[in-house]
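Enquirer: Provide a 3D model corresponding to the input given below.
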Amino acid sequence: MPLSFASCAKGGADPLVRAGRSRPASPSKNQVFAIVKADQRVGRGRGRPPHHLCRCPEVGKLSGIGQECLRYVHGHSDRGDSIASGRKNTLQGPPPHGRGSVRHGRGSVRVFAALLAVCTIVTAAPRRLVSLSPNLTEIIYGVGAFDQVVGVSEYTSYPPAVSKLPLVGGWQNPDYEKLLALRPDLVLMDVGQAQFVQDKCKQLGLHVMVLADEKVENVYAAIAAIGQATGHEAEARKLLATTRDGLQRVSQKTAGLPKLKVVLIVDRTPGTLRDLYTATAGSFLAELVEIAGGRLAVPPDKLGYAKLSKEDLLAAGPDVILDFTHGAVGRFAGDPMEAWKEMPELRAVRTHRVSAVNEDYVPHASQRMVQTAELFARLIHPEAK
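Expert: Numbering: from 1, shown residues only. I've put the predicted structure just below:
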């Protein structure tokens with residue numbers, strides 16, 4: 001059944017999915033993983049860790065400090081919107097009249113008024129969906145609603161049939177003219193991009209669904225909510241069961257093996273070990289490392305990602321390093337893993353346990369996290385069969 005005011009008020013459509021990852025309009029093999037870093041214009045504090053992973057064009061085409069591909073976002077809204085905060089998944093219509101709102105951590109708790117303001121009654125499942133985040137497109141496909149998708153964001157690469165769909169622009173700067181031309185019944189976006197595009201969508205009279213993905217449980221909730229919103233609840237239940245079973249299977253496979261210390265590098269300056277960022281407890285990627293038979297060697301951070309100095313890396317003493325960051329590919333690029341020779345004192349370097357990770361599904365918080373867990377298990381415990 002589609003989302004309604006009643007389901008929102010009861011919390012029926014819950015915490016979900018943030019994860020914008022991407023595909024170039026003309027995919028090439030010259031791509032790198034990059035983390036969405038700081039930008040003072042969106043209020044990031046200095047030294048605060050990144051929140052999003054994405055696939056970007058080769059480093060040489062990137063601009064800005066550290067050649068970043070997107071802007072770091074907190075996933076919060078200073079307006080106190082319950083949608084932008086990622087605390088609940090709801091379906092929204094155009095901007096409501098009145099002033100009732102829910103402000104997380106600000107002390108105002110006008111819950112009923114807020115629910116009245118942001119929950120829109122929908123009597124039928126939407127027929128025309130636009131997904132502004134690649135991981136949400138993957139979930140839509142997984143619940144069997146892909147034939148309802150009429151447009152996707154740039155850098156979306158899965159399922160392969162997305163190549164036949166219109167592109168509506170980037171993760172934080174969609175082309176609103178193209179978006180309106182597609183006449184969507186529902187626009188899905190992740191909580192990180194909501195602060196950039198949500199208000200404009202509502203001003204244009206579009207219904208939006210904003211989803212968050214900090215943890216594995218959020219992905220489960222995302223699957224359920226998207227299935228409910230699109231009228232594919234049975235398929236969503238099946239996908240949920242398959243995803244849970246897949247992660248459980250990986251966990252059982254590694255259960256009797258030693259918990260090796262792992263550092264999961266999600267960003268660094270290409271060709272060097274400068275500006276290292278790592279996943280920490282609190283991110284869904286960290287949970288997948290645990291499921292795969294590892295344990296993160298770095299302290300937790302409330303945002304799930306943290307900046308890492310060489311001294312921190314030495315103190316962590318990882319047995320295994322998983323490195324998402326790859327330098328530019330080309331005639332003069334060299335080996336993207338060459339930089340690790342700067343730190344021969346690290347056990348993982350001495351024992352050749354630094355592994356490059358370039359699979360496009362890894363940073364996507366969707367049902368494909370089962371593949372990520374399987375990959376991590378192979379890299380952390382190659383002896384496991």
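Enquirer: what's the helix or strand for residue 194?
Expert: helix 191-203 (DSSP states H and E).
Enquirer: ok, the helix or strand just after that helix: who's next to it in the sheet?
Expert: Using DSSP H and E, the helix or strand that follows helix 191-203 in sequence is strand 208-211. Applying DSSP bridges to the sheet, strand 208-211 is found paired with strand 91-92 (antiparallel), strand 186-190 (parallel).
Enquirer: let's have the ones you listed in TSV, adding mean pLDDT.
Expert: TSV is the format used below for those (pLDDT from 0 to 100):
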stretch	mean pLDDT
strand 91-92	48
strand 186-190	94
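Enquirer: dihedrals phi and psi, the nearest residue to residue 376 once chain neighbours are set aside?
Expert: Take residue 376 and drop its neighbours on the chain: the residue closest to it by C-beta to C-beta, 6 or more residues apart in numbering is residue 292, 3.6 Å away. All C-beta atoms are positioned from the backbone trio N, CA, C, and that covers glycine. Phi and psi for residue 292, reported as degrees, to the nearest 10, are phi -80, psi 0.
Enquirer: could you list the domains of this protein?
Expert: 5-18+75-231, 255-380 (automatic domain parsing).
Enquirer: ok, the nearest residue to residue 149 once chain neighbours are set aside to residue 337 distance?
Expert: Distances taken as C-beta to C-beta, 6+ apart put residue 129 closest to residue 149, at 4.9 Å, once the chain neighbours are dropped. From residue 129 across to residue 337, the span is 40 Å (C-beta to C-beta, to the nearest Å).
Enquirer: higher neighbour count, those two?
Expert: Under the neighbour definition other C-beta atoms under 10 Å, residue 129 and residue 337 were set side by side, and residue 129 has more, 27 against 16.
Enquirer: okay, and the beta partners of the more buried one?
Expert: Bridge pairing for residue 129 - DSSP bridges - gives residue 149, residue 186.
Enquirer: can you give me every residue that contacts it?
Expert: For residue 129, the contacting residues are 140, 145, 148-150, 184-188, 230, by C-beta atoms under 8 Å, 6 or more residues apart in numbering.
Enquirer: which of the residues you listed lies closest to residue 351?
Expert: residue 140 (42.1 Å; C-beta to C-beta).
Enquirer: for whatever helix or strand that closest one lives in, packing partners?
Expert: Here residue 140, judged by DSSP H and E, is contained in helix 134-142. Judged by 3 or more C-beta pairs under 8 Å, 6 or more residues apart in numbering; DSSP states H and E, the packing partners of helix 134-142 are strand 129-131, strand 149-152, strand 186-190, helix 216-230.
Enquirer: and the helices in the protein?
Expert: In the chain, the helices defined using DSSP state H lie at 5-9, 111-118, 134-142, 176-181, 191-203, 216-230, 233-254, 284-291, 310-316, 347-350, 369-380.
Enquirer: what's the average pLDDT for the first one?
Expert: It stands for helix 5-9. Averaging pLDDT along helix 5-9 gives 32.
Enquirer: likewise for the fourth one?
Expert: Per-residue pLDDT values across helix 176-181 average out to 96.
Enquirer: same check on the second one?
Expert: If you average the pLDDT over helix 111-118, you get 37.
Enquirer: same thing with the longest one?
Expert: pLDDT averaged over helix 233-254 equals 97, rounded to a whole number.
Enquirer: what's next to that helix, contact-wise?
Expert: Applying C-beta under 8 Å, 6+ apart, the set of residues contacting helix 233-254 from outside is 1, 142-145, 216, 219-220, 223-224, 226-228, 288, 291-293, 367, 369-370, 373-374, 377, 380-381, 384.
Enquirer: and that helix, what's buried?
Expert: 233, 235-236, 238-240, 243, 246-247, 250, 253-254 (16 or more other C-beta atoms under 10 Å).
Enquirer: could you dump these to TSV with distance to residue 351?
Expert: Below are these laid out as TSV (distance: C-beta to C-beta, whole Å):
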residue	distance to residue 351
233	48
235	45
236	43
238	42
239	39
240	39
243	33
246	29
247	28
250	23
253	22
254	19
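Enquirer: now for those residues, which pair is the farthest apart?
Expert: 233 and 254 (32.5 Å).
Enquirer: quick one: low-confidence ranges for this structure?
Expert: 1-123, 325-336 (pLDDT under 70).
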